[in-house]
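**Student:** next come a sequence and a model predicted from it.
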Amino acid sequence: MAGSTVARARSQGLHYAWVVLACAVAMATVAAGIRNSFAVLVDPLVAQYGWSRGDISVAYALVYVSAVALSLLAGAVADRYGSRRVILAGSLLFTAGMLLTGTATQLWQFYVYYGVLLGGLGTTIFTMLLPVVLTRWFHARTGMALGLMWVAVGLGPVVLPFLLRWAISLVGWQQAFTLIGIPTGIVLLTAGLLLRNKPEDKGLMPYGLFAGQGQAAETAATPPADAVTFAQVRSNRSFWFLVLVHALGCAGHSIILAHVVSMATLKGVPGLVAVGVLSAISGASMVSRFGMSMVTERMGARFTLAVALLLQTTPLVLLFWASDTWGFYLFAVLFGFGFGGEMVGFPIINRQFYGEKAPLNRIYSFEVAGAMMGMAFGGWLGGALFDLSGSYTWSIAAALVCGYAGLVPVLLLPAHQPGRLVVAATTSAGAHQAATRAC
């Protein structure tokens, strides 16, 4: 069946779904690369303006605080006006944010231009909406398409931090954002113009679905009203455990992502070599971003999240003694495997826990909001603890505490039982309470 589907797709030429996938990969690479380049900005800002690391880290926190509300609203706005329009608006916000950040000479300007406009509003839209667009375009090979997009999210931080740090060393802080902002803005706008919300916009059917299958597939895919409501999901403790896990896990790795370059340079690692530590983390994460989705589907939430948090947190002890390049790069590779695996499984877990008929978009938006709050808190805390103590020792300790604390709600999650929902359809309040207590 799969072979005939692929052969039939080839006989009909290149499907526009692959163009959409290429656009998604390009946009995810740029957006994730710039968002995760913050660590390369800290030392140049300290040197040029004399701002403290704690004050600079407020901008990193604002990236994720401003993204919380956007993550809750983006889906609803895209459903009403179309993902393409919202993504094009995000491309314009991104480009404006890059150019305006290059003009910042005051701390408040850096907060607004980089923290809110560029980092918060200009990059969140892409990671929230692109996966949904791809699921509409791919009936077959959906997992591969989404996996490639998540790999691109890891690829961006491998490439863009080097380019940005090189541009800063070449033309200075302010001109660097113009030098990088114009071509990356063109990439986003071009990809956004080529993007389409759904195959019907091009008079096509999703990739892997052909004439004669469409009506039957549509009839089979039309579900009855949601058997599990958001109120039922929200009243179940597993929902809040997952939000808490994402918040604590992100707080732990946010401390590192925001400050690992400074940690390395303070130990004498040269600037561009230190930037490579951040890129090595992202490079290692690409393996787990792709692989841990399949592990989650087979092993479930408790096993996968426990392994990911342990892999992310335990290597942090190496930072207490890392003093040269190889030590930081060894840490980066080990840490990156866990970091990439912690975040990608939540959509799969939600489907396993609550079923395909549950309001999965709304459920996931709360988990993303928890993650953004964790990222905001961790990025700020790492800089604030440095300002108080004069070293990153307490920042590393805080990352350890957050990571291991995340294991508590993970271990309280229900065991993986394929085919059995955590919250089942209920017909009475008593039955619902029983389902909740069982979890």
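**Tutor:** Thanks, I have it. Residues are numbered from 1 along each chain as shown.
**Student:** list the contacts for the most centrally placed residue in the chain?
**Tutor:** Among the residues of the chain, the one closest to the centroid is T127, at 6.2 Å (Cα atoms, centre = their mean). Each residue near T127 by Cβ atoms under 8 Å, 6 or more residues apart in numbering is listed here: A28, A31, A32, V153. From N, CA and C alone the C-beta is placed, and that goes for glycine too.
**Student:** show me which pair in these is furthest apart.
**Tutor:** Greatest spatial distance among the contacts of T127 (Cβ to Cβ): A31 and V153, at 8.2 Å.
**Student:** now do the helices in the stretch 201-350 of the chain.
**Tutor:** Remark: helices assigned in the stretch 201-350 of the chain by DSSP state H, counting those that start in this stretch are 214-221, 230-234, 237-266, 271-299, 301-313, 325-343, 346-354.
**Student:** most packed of those helices?
**Tutor:** Ranked by mean neighbour count, those are led by helix 237-266 with a mean of 25 (mean count of other Cβ atoms under 10 Å).
**Student:** quick check: mean pLDDT of that one?
**Tutor:** If you average the pLDDT over helix 237-266, you get 91.
**Student:** chain center to that helix: distance?
**Tutor:** Computed by Cα atoms, centre = their mean, to the nearest Å, the chain-centroid distance of helix 237-266 equals 12 Å.
**Student:** what's around L189, how many residues?
**Tutor:** Neighbour count for L189, taken as other Cβ atoms under 10 Å: 17.
**Student:** touching the helix or strand containing it from outside, list them.
**Tutor:** Under the criterion of DSSP states H and E, L189 resides in helix 173-194. With contacts defined as Cβ under 8 Å, 6+ apart, helix 173-194 is touched by 19-20, 22-24, 26-27, 30-31, 34, 44-45, 48, 84, 87-88, 90-92, 94-95, 98-99, 101-104, 160, 163-164, 167-168, 170-171.
**Student:** separate out the buried members of those.
**Tutor:** Buried residues within the contacts of helix 173-194, defined by neighbour count using 16 or more other Cβ atoms under 10 Å: 19-20, 23-24, 26-27, 30-31, 34, 44-45, 84, 87-88, 90-91, 94-95, 98-99, 101-102, 104, 160, 163-164, 167-168.
**Student:** in strands, which of those appear?
**Tutor:** Counting by DSSP state E, no part of the buried ones among the contacts of helix 173-194 is found in strands.
**Student:** quick one: stretch 168-175 to chain centroid distance?
**Tutor:** On Cα atoms, centre = their mean, the centre of stretch 168-175 falls 28 Å from the chain's centre.
**Student:** excluding residues flanking it in the chain, which one is nearest F353?
**Tutor:** The spatially closest residue to F353, leaving aside those adjacent along the chain, is V422, at 4.2 Å (Cβ to Cβ, 6 or more residues apart in numbering).
**Student:** hmm, the one you found is touching S235, no?
**Tutor:** No: using Cβ atoms under 8 Å, V422 makes no contact with S235, being 11.7 Å away.
**Student:** before we move on, which element is V408 in?
**Tutor:** Using DSSP H and E, V408 falls in helix 407-411.
**Student:** buried sites along that helix?
**Tutor:** Buried residues in helix 407-411 (16+ other Cβ under 10 Å): L407, P409, V410.
**Student:** quick one: L310 from W108, how far?
**Tutor:** 40 Å (Cβ to Cβ, to the nearest Å).
**Student:** distance-wise, check the residue nearest to F353 relative to I349.
**Tutor:** 10 Å.
**Student:** contact partners for G283?
**Tutor:** G154, V158, G336.
**Student:** over to A332?
**Tutor:** By Cβ under 8 Å, 6+ apart, the neighbours of A332 are V260, V277, L278, A280, I281, A284.
**Student:** if we use 6 Å, what do you get?
**Tutor:** V277, A280, I281 (Cβ atoms under 6 Å, 6 or more residues apart in numbering).
**Student:** including pLDDT and distance to S52, could these go into TSV?
**Tutor:** TSV is the format used below for the contacts of A332 (pLDDT from 0 to 100; distance: Cβ to Cβ, whole Å):
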residue	pLDDT	distance to S52
V277	88	22
A280	87	27
I281	89	25
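**Student:** just those now: which is nearest T296?
**Tutor:** Once Cβ to Cβ is applied, the member of those that ends up nearest T296 is I281, at 20.9 Å.
**Student:** now the closest one, nearest residue through space, not along the chain?
**Tutor:** G336 (4.2 Å).
**Student:** right, and that neighbour touches S279 too?
**Tutor:** No: the criterion here is Cβ atoms under 6 Å, and G336 misses it with S279 at 9.7 Å.
**Student:** number of nearby residues for S169?
**Tutor:** S169 has 12 nearby residues by other Cβ under 10 Å.
**Student:** could you measure from it over to Y329?
**Tutor:** 21 Å.
**Student:** please name the nearest non-neighbouring residue to P206.
**Tutor:** Excluding its sequence neighbours, the residue lying closest to P206 (Cβ to Cβ, 6+ apart) is H139, at 4.0 Å.
**Student:** show me the contacts for that neighbour.
**Tutor:** Contacts of H139 by Cβ under 6 Å, 6+ apart are P206, G208, L209.
**Student:** would you mark the buried spots in stretch 372-392?
**Tutor:** For stretch 372-392, the neighbour count (16+ other Cβ under 10 Å) marks 372-386, 392 as buried.
**Student:** then stretch 201-211?
**Tutor:** L204, M205, P206, Y207, G208, L209.
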